[in-house]
Each structure stands twice: as C-alpha cells, then as structure tokens.
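Q: Need a 3D model of the following:
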Amino acid sequence: MFPPCCRVSTDTEKLLSSYETQVTYYEDYIKKRPGCEFAGIYTDEGITGTYTKNHTQFNRMIEDCKAGRIDMIITKSISRFARNTLDCLKYVRLLSEA
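A: Coordinates of the predicted model:
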C-alpha cells in the first residue's frame, strides 16, 4: 500500500489548489504502478508543519504504518513529511524499525 502524504501550510485558496494538485498527482502516480494499492490520503489541512503532535491524520498514518497497513509513504519532499528535524528523525527511525 502506498499512501501519499499530501500537506500544505495554510488554508489559503492558492495553497488549497496546490493541495488538490498534489492529491491528484499522487493518486494517479500510485494507481499507475503495478502491484501498488492506493491506501488513501492522510492530510492535516491548514495546520502548521512545525510539530506533529497536533496532526491527527499524520499520527493516524504513522499508526497505520506500525500496524502493517502501509508499506511506503510517498511525499513531494521531506518538508511535506515533517519540518522539525527531531520529529523527522524520530519518525524515520520508528518506521524503519516497523
């Protein structure tokens, strides 16, 4: 299963359009890959990316990974995954162990 991790920084109209573009791109990307199963979208729209504590969808995605429901996370850039270096390292290590 390969869910995209789509996230934008604020809920302005321009960035919402960017969000929609990201979702469409990754849905198409995953669906065109043989053997890949689209697991859904995990998004915390309009929430700053500095800390993951308040990101309910991000945390749900991490739990789904730990439970074996997701094999890979595809993201546009590392800053779309986490902006805080310590959080990023923490989750990369946690997911690597899972």
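
Q: Read off the pLDDT value for Asn54.
A: The model reports Asn54 with a pLDDT of 71.

Q: so when I look at Cys88, I'm seeing a helix, right?
A: Yes - according to DSSP: H, G, I helix; E, B strand; the rest coil, the state of Cys88 is that of a helix.

Q: Give me the nearest residue to it, chain neighbours excluded.
A: Distances taken as CB to CB, 6 or more residues apart in numbering place Ala82 nearest to Cys88, at 3.9 Å, with adjacent residues excluded. Using the backbone N, CA and C atoms, a C-beta is placed for each residue, glycine as well.

Q: From the structure, what's the count of residues near the one you found?
A: The local packing of Ala82 (other CB atoms under 10 Å) involves 23 other residues.

Q: pretty sure it contacts Tyr91?
A: Yes - applying CB atoms under 8 Å, one finds Ala82 in contact with Tyr91, separated by 6.3 Å.

Q: remind me, longest helix of the protein?
A: In terms of residue count, the longest helix belonging to the chain (DSSP state H) is helix 13-31.

Q: Work out the gap between the next helix or strand after it and the centre of the chain.
A: Next helix or strand after helix 13-31 toward the C-terminus (DSSP states H and E): helix 56-66. On the basis of CA atoms, centre = their mean, to the nearest Å, helix 56-66 is displaced by 9 Å from the centre of the chain it belongs to.

Q: could I get helix 56-66 in CSV with only the CA atoms?
A: In CSV, the C-alpha atoms belonging to helix 56-66 read as follows (Å, rounded to 0.1, in the frame of the first residue of the first chain):
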residue,chain,number,x,y,z
THR,A,56,-4.3,13.7,13.8
GLN,A,57,-4.0,12.4,10.2
PHE,A,58,-0.2,12.3,10.3
ASN,A,59,-0.4,10.3,13.6
ARG,A,60,-3.1,8.0,12.1
MET,A,61,-0.8,7.4,9.1
ILE,A,62,2.1,6.5,11.5
GLU,A,63,-0.1,4.1,13.4
ASP,A,64,-1.3,2.5,10.1
CYS,A,65,2.3,2.0,9.2
LYS,A,66,3.2,0.4,12.5
